[in-house]
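J.: attaching a predicted model along with its sequence, questions to come.
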Amino acid sequence: MSDTSAKDAAPRHITRLPHEVVERIAAGEVIERPASAVRELIDNALDAGATRIRVAMREGGMRLISVADDGIGIPADELELACQPHTTSKIAQISDLDHITTFGFRGEALASIAAMAELEMTSATDGGGMATTLILGPAKPPASSPAPRARGTTVTVRDLFQQVPARRALLRGPRAEAQRIQNVVRAYALAHPEVQFALTDDGYLLLQTSGNDLRAAIASIYGADVAAALLPLGPREVAGALIRGVVASRAFHYATREHVFIAVNGRPIANSSLFAAAEAGYRPLLRKGRHPLLVASLALDPSEIDANIHPAKTEMLLRQERTVAAALREAVHEALGSVPLSVPASTGLPSATHFTRPLQLRFPAQRTRRGLRIREPGIHYSGNAEDEALEEDAFQLPELTPLGQFDNTLILAQSPSNHLFLVDQHRAHERILYQELLKQRESFLGTDEPATGEPEPDAPTSPGQLLLEPLLVELTPTQAELLLPRLEELRALGFACQPFGGSMFLVRAVPHLPGMAGDPGAFARDFAEEAAEDSNHWLDHICTTIACRTAIRRGQPLTLAEQRTLLDDLRQTKTPMNCPHGSPLVLRYTRQALAKAFEW
Ligand code: ADP
Ligand code: MG
């Protein structure tokens, strides 16, 4: 689908477009809102042949948009030129406008962004690790400096439209703008399933695709149920156009059209006639007012389309639009009509459940209060934060004998005085690991190591686990400032992290914990961000996160011996009643309560 990208083309130099080309280019506002900037930056990343694109936003993109790719990069001596109006490496003359094979061609996006926001570009053209950063803005002359970076480009846009209050006033709130950005990224992720996309909103992961195929992309965006109910759309060839894609079975239908995706040569478009055609194709088969989930990709010869009709490039002129639209309608009709309606076990997933934020850890500001309160006679709930009257020691965990597991989630156990205990295995392990981390830290800080001084990340005394390859993590300048004074503390936790110029850090070791599974490198980036949190509770939070990430999960079967170890370790912790997040982890049913309930 991205056969139109410049992936294999030899990189061309960036030049200024001749006057007559500029005049033929559809003029108008390129950047109307944060989502248009995201669209332009993704276009640039795809044109650069990226296989991985990471988009980050804050406050609906108004405070920050950042798009990082692993594409061909921009040569250091062309960075400044790239940010000037009408400079592009993609077309050179008027005749090129008739067969555009790239997503960009106007040479205007970066210049428009730089006129309305602070623009920071860091780019490297090879794997040597050396990049150049250029910062410029409406009131900021361009300034460049060397920076470390693997091949590719990171474009960061800060405070979009801050100098243009009239433009800001036209925007809807941050939530609505964030939703638009999410829609753009989703549409691109579906139009380019072979590219890995990730989108974060203020650090929350909203969307992530694996870069495999369309089915996998749909599974990660819409869930496995939808992916399992996909029907092939096409392939159908008409007037030199190849239509293909998928449509979800009729069991899945939505109240809006926002899950209908049409891309032409890899570019998500909003041509009303094509949307109408797709709709006409399913109309007799779906209730009025309901819309399907459909991903259609149209491949046409570049000479058959004109992308130069709309400044934001969201519309495209197809020379044979009616023929193509008719074929699309038939293809959709055929796909939906070819199978009987069968409702999957979990019936049509409401879109609301798909687009809520994935569960992530958030830390209540105060969660170290502990207590125990009796809510019902005989049943003791631990970890009640409201009741401070009872000291944490008021309820010591007795020595418990495990009886078995319930649902691979709870350990059932018996105390010497014959009470029944239910212990949440994940939370119990979290509590144990949390304590373990603090202990590690204390013993490290207690050694002869000077508390300050040059960190030596390789020093054998660090309790961490060395990464095979040190990982470069890029933070914002604010985050970097917060992180710097915390490096020694982090090292005590086994997290060896070294300043690497600018706001870059080199992570050499991550905490070593028994339960650690998965890619430690993937942890590293999250840890760095968390350690740079703007809060006094950062240390507590990072320990909680590490513990939560490495603790055994619910659903994991445990042998009796493992259950016993877990219960014994839990008993040794200072506060065995709640997990580090503050949630209860032990329930106790007294013998008396059971006797009463059963009327023994
Ligand atoms: P256009 O994409 O229309 O050429 P832009 O202003 O978006 O105009 O970008 C200007 C030039 O900067 C591009 O032609 C390209 O050479 C270079 N460029 C921009 N973004 C990237 C990127 N992510 N990777 C590589 N080159 C880029
Ligand atoms: Mg561009």
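T.: That came in fine, so what should we check first? Just so you know, these numbers come straight off a predicted model, no measurement behind them. Ligands and ions are numbered 1, 2, ... in the order given.

J.: show me the strands in the stretch 501-600 of the chain, by range?
T.: Remark: strands assigned in the stretch 501-600 of the chain by DSSP state E, counting those that start in this stretch are 504-511, 586-589.

J.: can I get those strands in JSON lines including mean neighbour count and distance to residue 574?
T.: For glycine as for every other residue, the C-beta is placed from the backbone atoms N, C-alpha and C. JSON lines is the format used below for those (neighbours: other CB atoms under 10 Å; distance: least, CB to CB, whole Å):
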{"stretch": "strand 504-511", "mean neighbour count": "23", "distance to residue 574": "20"}
{"stretch": "strand 586-589", "mean neighbour count": "20", "distance to residue 574": "14"}
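
J.: please name the bridge partners of residue 298.
T.: Beta-bridge partners for residue 298, by DSSP bridges, are residue 243, residue 264.

J.: phi and psi next, for residue 16.
T.: phi -80, psi 140 (degrees, to the nearest 10).

J.: which pLDDT value belongs to the closest residue in space to it that isn't next to it in sequence?
T.: Closest residue to residue 16 apart from its sequence neighbours, by CB to CB, 6 or more residues apart in numbering: residue 87 at 5.1 Å. In this model, residue 87 is scored at 92, pLDDT.

J.: one more: residue 286?
T.: As predicted, residue 286 sits at a pLDDT of 69.

J.: quick revisit: now do the contacts for the residue nearest to residue 16.
T.: By CB atoms under 8 Å, 6 or more residues apart in numbering, the contact list for residue 87 reads 14-17, 81, 107, 111.

J.: out of the residues you listed, which two sit at the greatest distance?
T.: 15 and 111 (14.1 Å; CB to CB).

J.: between those two, which one's more packed in?
T.: residue 111 (18 against 15; other CB atoms under 10 Å).

J.: neighbours around residue 115, how many?
T.: Other residues near residue 115 number 16, with proximity taken as other CB under 10 Å.

J.: what's around the nearest residue to it once chain neighbours are set aside, how many residues?
T.: Among residues not flanking residue 115 along the chain, residue 138 sits closest, at 5.9 Å (CB to CB, 6+ apart). Counted with other CB under 10 Å, the neighbours of residue 138 add up to 14.

J.: what about the spatially closest residue to residue 563 that is not a sequence neighbour, neighbour count?
T.: With sequence-adjacent residues excluded and distances taken as CB to CB, 6+ apart, residue 563 is closest to residue 402, at 3.8 Å. Counted by other CB under 10 Å, the residues lying close to residue 402 total 22.

J.: please apply the same query to residue 127.
T.: Using other CB under 10 Å: residue 127 sits among 9 other residues.

J.: pretty sure it contacts residue 152?
T.: No. Counting by CB atoms under 8 Å, residue 127 does not reach residue 152; the two are 9.8 Å apart.

J.: re earlier: confirm that the residue nearest to residue 563 sits in a strand.
T.: Yes. Counting by DSSP: H, G, I helix; E, B strand; the rest coil, residue 402 is part of a strand.

J.: quick one: it from ligand 2, how far?
T.: According to CB to the ion, to the nearest Å, residue 402 stands 61 Å off from ligand 2.

J.: for that residue, give me its contacts.
T.: Taking CB under 8 Å, 6+ apart, we find residue 402 in contact with 411-413, 560, 563-564, 567.

J.: checking the residue of the chain found nearest ligand 1 next. Helix, strand or coil?
T.: Ligand 1 sits closest to residue 104 of the chain, with a gap of 2.2 Å, by CB to the nearest ligand atom. Of the three states, residue 104 takes coil under three-state DSSP.

J.: check residue 145 too.
T.: Residue 145 ends up strand, using three-state DSSP.

J.: nearest residue to it in space, please, no chain neighbours.
T.: Spatial nearest neighbour of residue 145, excluding adjacent residues (CB to CB, 6+ apart): residue 133 at 5.3 Å.

J.: what backbone torsions are found at residue 493?
T.: Torsion angles, degrees, to the nearest 10, at residue 493: phi -90, psi -10.

J.: could you say which helix or strand contains the most centrally placed residue in the chain?
T.: What sits nearest the mean C-alpha location of the chain, by CA atoms, centre = their mean, is residue 205, with 3.0 Å. Using DSSP states H and E, residue 205 falls within strand 204-208.

J.: which residues touch the helix or strand just after that strand?
T.: Downstream of strand 204-208, the next assigned helix or strand under DSSP H and E is helix 214-222. Residues outside helix 214-222 that contact it (CB under 8 Å, 6+ apart) are 186, 189-190, 193, 207-210, 226-227, 230, 245-246, 248, 259, 293, 295, 349, 354.

J.: in the stretch 351-500 of the chain, which residue sits closest to ligand 2?
T.: Closest approach between the stretch 351-500 of the chain and ligand 2, counting by CB to the ion: residue 474, at 22.2 Å.

J.: contact partners for that residue?
T.: For residue 474, the contact set (CB under 8 Å, 6+ apart) comprises 122, 149, 154, 503-504.

J.: how far does whatever helix or strand residue 471 lives in sit from the chain's center?
T.: According to DSSP H and E, residue 471 maps onto strand 464-474. Put simply, strand 464-474 sits 21 Å off its chain's centre (CA atoms, centre = their mean, to the nearest Å).

J.: what helices or strands is the strand holding residue 205 leaning on?
T.: If you count contacts as 3 or more CB pairs under 8 Å, 6 or more residues apart in numbering; DSSP states H and E, strand 204-208 packs onto helix 174-191, strand 196-201, helix 214-222.

J.: rewinding a little: how far away is the residue nearest to residue 563 from residue 560?
T.: The gap separating residue 402 from residue 560 is 6 Å, by CB to CB, to the nearest Å.

J.: can I get the helices and strands packed on strand 204-208 in a markdown table including mean pLDDT, distance to residue 100 and mean neighbour count?
T.: Shown next, in a markdown table, are those (pLDDT from 0 to 100; distance: least, CB to CB, whole Å; neighbours: other CB atoms under 10 Å):
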| stretch | mean pLDDT | distance to residue 100 | mean neighbour count |
| --- | --- | --- | --- |
| helix 174-191 | 96 | 16 | 21 |
| strand 196-201 | 94 | 23 | 21 |
| helix 214-222 | 92 | 24 | 20 |
